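Asks: show me how the following folds:
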Amino acid sequence: MATLAMPVIHKSLEAAEDDEELLSTGSVLVIIFFVFAFLYFFGGALANKLLRGAEGREMIPNYQFWVDLPYLCRDGASFLLNGCQVPATYESI
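Replies: Here you go, the predicted model:
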């Protein structure tokens with residue numbers, strides 16, 4: 001009868017601890033982003049409510065910026081797609 005000899009590999013406790021799955025840098029950054037976004041929106045809404053007596057949409061911190069953001073992105077993309085040139089409708093003085 002043939003026996004197959006297989007080497008037995010034992011990992012030390014230190015090596016096993018090094019192999020533990022830790023969060024990647026990207027995962028940590030995403031978690032930090034969402035924590036700060038939560039604090040910004042909910043903390044800002046609470047502050048606007050308590051300090052300024054805001055209600056409804058007025059409670060959103062920097063409400064006008066968030067309303068204008070899609071249009072600002074559109075303008076920026078248009079500017080880049082035009083090769084960073086001023087639109088032809090611009091009249092210089």
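Asks: what segments of the protein are helices?
Replies: 13-18, 25-52, 63-81 (DSSP state H).
Asks: now do the contacts for residue 64.
Replies: Neighbour list for residue 64: empty [criterion: Cβ atoms under 8 Å, 6 or more residues apart in numbering]. Bear in mind the C-beta positions are built from the backbone N, C-alpha and C, glycine included.
Asks: any idea how far it is from residue 39?
Replies: Residue 64 sits 21 Å away from residue 39, going by Cβ to Cβ, to the nearest Å.
Asks: pLDDT value on the most centrally placed residue in the chain, please?
Replies: By Cα atoms, centre = their mean, the mean C-alpha position of the chain lies nearest to residue 33, the distance being 4.5 Å. As predicted, residue 33 sits at a pLDDT of 98.
Asks: would you mind measuring from it to residue 40?
Replies: Using Cβ to Cβ, one gets 10 Å for the distance from residue 33 to residue 40.
Asks: which stretches of this structure have low pLDDT?
Replies: 1-20, 87, 90, 92 (pLDDT under 70).
Asks: number of nearby residues for residue 44?
Replies: 16 (other Cβ atoms under 10 Å).
Asks: so what's it up against?
Replies: Applying Cβ under 8 Å, 6+ apart, the residues near residue 44 are 59, 60, 61, 62.
Asks: who wins for neighbours among those residues?
Replies: Highest count within the contacts of residue 44 by other Cβ under 10 Å belongs to residue 59, 18 neighbours.
Asks: ok, the residue nearest to the centre of the chain to residue 26 distance?
Replies: In terms of Cβ to Cβ, residue 33 sits 10 Å off from residue 26.
Asks: again, but for residue 54
Replies: Taking Cβ to Cβ, one finds residue 54 at 36 Å from residue 26.
Asks: show me which of the two is the more surrounded one.
Replies: Between residue 54 and residue 26, counted using other Cβ under 10 Å, residue 54 has the larger neighbour count: 17 against 8.
Asks: surely that one touches residue 48?
Replies: Yes: counting by Cβ atoms under 8 Å, residue 54 does reach residue 48; the two are 4.1 Å apart.
Asks: and for those two, which residues touch both?
Replies: In contact with both residue 54 and residue 48: no residue, using Cβ under 8 Å, 6+ apart.
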